[in-house]
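Q: What follows is a predicted protein model with its sequence.
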Amino acid sequence: MSKIYQYKLLLVIVLLATMSSCKKSFIELSPSTSLTPDQALATEADLQVALRGAYSGLRGTDFYGRTLPVLGDIMADNCYQSAVNTNRYTVYNDYSATKGATSGDGNANGMWSIGYSVILRCNNIINSTVASTPNVDEYKGEAYAIRALCYFNLVRYFAKPYTDDPSALGVPVITVYNPDLKPARNKVSEVYAQMIDDLNKAYSLMTKYTNSSQFSKYAAKALQAKVYLTMGDKANAKTAALDVINNSGFTTLTTANHAGYWTAVAPRTDKLETLFEVSSDATSNNSFDELAYIYSQLGNYGDLLCSDDTYALFEATDVRKNLYYTGTRGGVPAVFVNKYPTYNPDPSDRKPLRMSEVYLIAAEASLPTNEADAKTYVNFITSRRGASAITSTGSQLFEDIITERRKELAFEGDRYLDLQRLKRDIVRSANYLPTSRTVPYSIFRRILPIPQNEIDANPAIATQQNPGY
């Protein structure tokens, strides 16, 4: 059957995991072949268990476990594959896949499958008939936010950017549990409308903050700011960002706590920087497929390196430069990434939403009409990194803010998606093969293929493959 609805048994979908916190210790529940969603999610406690399963799904290797943050840099200009490698992500590094190979690519397939699996878990929570209580509302609010996050990732990789063509084919929007549904692709604009609606509901339903491994009210608003910026809606992006800046109580990193922040592995409760992170721990993680392993030279792989031009962006006084170090790999000089320094036993977590990015969203969204605000927000970050203040104006100010995003968010999965929304060619350094140093925006491989098994199983989507595949 369709990958989107490959989980016919509700217990497989929503009762995957329970955790003592929003990290991950699992129990198995008695399976049933006859429970309806309302029967399986009949109490407040059932919803909490299901929500933990949704968070657990985000940690899948081809989602935030590794592939999402990797593709966001290796398909751009920050990250390249060492000549000494294990053949992971080669086709994204080189833009070398043939049509047939790419349409069956395991990473794209995995991203699609995991994304829709988590969406389905969220749907069952959202549509539950359990009576409203503060906790039930909180769980449903978190489910709305998780669902929006999944759609945000799927539509940005499997469809044209909103800033290019809102009427283009996006991804299927599914909001109900129906194992027999064969959905067609919705328009890009419809997917974004669903995300905005989900995040509005998440913001209104959530009232409490637990820790950085769970969505909260202002994490949802930060995601909405990012969604609006991706749409090119700067007015709403700035409004959402300022709500987070002025009302959330979160603080940003400083030069003094920057290094310790990146070495810490436990979810935060102090509202420092991390609005939301996808968490692993010593007992529940992706083992050698954790993100840290693909960068660490002390782990199993260490395949992926920092490009020379990315490293050159950091001034000597910039504390962010300390997240990288130089050496050799295979006898060749290299710059190594140390942003995820812990790989065993409790791996470094992935941080899709950080307070520093919210300031950068506010900075970019202030342009072109309010350069004073743009400089205020971007230099709030440079002043806390030991970097020179940005003093440029006009089009150069915009470029400097985009470069500041590149420096601040490097190896967190954002650079490629920024280049997509800005519809820019990718110009890479000599670290890459000559055949892939310039990657035009127009080439079909800039958008991932709809997985072939989805095409084969779903007649409604069979004629809706992305061009070139």
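A: Perfect, I can see it now.
Q: Glu138 and Ser204 touch, don't they?
A: No. In this structure, Glu138 is not within contact of Ser204 by Cβ atoms under 8 Å, at 11.5 Å. C-beta coordinates here come from the backbone N, C-alpha and C atoms, glycine included.
Q: Mind checking which of the two has more residues around it?
A: Glu138 (23 against 13; other Cβ atoms under 10 Å).
Q: does the more buried one count as helix, strand or coil?
A: Secondary structure assignment for Glu138 (DSSP: H, G, I helix; E, B strand; the rest coil): helix.
Q: Look at it and report its pLDDT.
A: Predicted confidence (pLDDT) for Glu138: 98.
Q: which one is it nearest to, not counting chain neighbours?
A: Spatial nearest neighbour of Glu138, excluding adjacent residues (Cβ to Cβ, 6 or more residues apart in numbering): Met206 at 5.7 Å.
Q: now swap in Met75 and tell me
A: Tyr416 (4.3 Å).
Q: Verify the assumption that the one you found is located in a helix.
A: Yes. Under three-state DSSP, Tyr416 sits within a helix.
Q: is it true that it touches Leu68?
A: No. Applying Cβ under 8 Å, one finds Tyr416 not in contact with Leu68, separated by 10.4 Å.
Q: can you give me the strands for the stretch 151-300 of the chain?
A: 274-278 (DSSP state E, counting those that start in this stretch).
Q: How are the helices of it distributed by residue range?
A: With DSSP state H, counting those that start in this stretch, the ranges of helices along the stretch 151-300 of the chain come out as 188-205, 217-231, 234-247, 258-263, 291-295.
Q: Ok, which of those comes nearest Asp318?
A: Closest to Asp318 of the helices of the stretch 151-300 of the chain, according to Cβ to Cβ: helix 258-263, at 9.8 Å.
Q: Okay, buried residues for stretch 307-324 please.
A: 307, 310-311, 313-314, 318-321, 323-324 (16 or more other Cβ atoms under 10 Å).
Q: Could you tell me the average pLDDT over that stretch, please?
A: On average, stretch 307-324 scores 98.
Q: Only alpha carbons, please: show it as CSV.
A: Taking Å, rounded to 0.1, in the frame of the first residue of the first chain, the C-alpha atoms of stretch 307-324 are listed here in CSV:
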residue,chain,number,x,y,z
SER,A,307,34.4,23.6,3.1
ASP,A,308,37.3,26.0,3.0
ASP,A,309,35.2,29.0,2.1
THR,A,310,32.8,28.4,5.0
TYR,A,311,35.6,28.2,7.5
ALA,A,312,37.2,31.4,6.0
LEU,A,313,34.0,33.4,6.9
PHE,A,314,34.8,33.3,10.6
GLU,A,315,37.0,36.0,12.1
ALA,A,316,39.8,34.9,14.5
THR,A,317,37.8,36.5,17.4
ASP,A,318,34.5,34.8,16.5
VAL,A,319,33.7,32.1,19.1
ARG,A,320,31.9,30.1,16.4
LYS,A,321,35.3,29.4,14.8
ASN,A,322,36.1,27.2,17.8
LEU,A,323,33.4,24.7,16.5
TYR,A,324,35.8,23.7,13.8
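Q: Now do the closest residue to Asn85 other than its chain neighbours: how many residues are near it, please.
A: For Asn85, ignoring the flanking residues on the chain, the nearest one in space by Cβ to Cβ, 6+ apart is Asp303 at 4.2 Å. Look at Asp303: counted by other Cβ under 10 Å, it has 24 neighbours.
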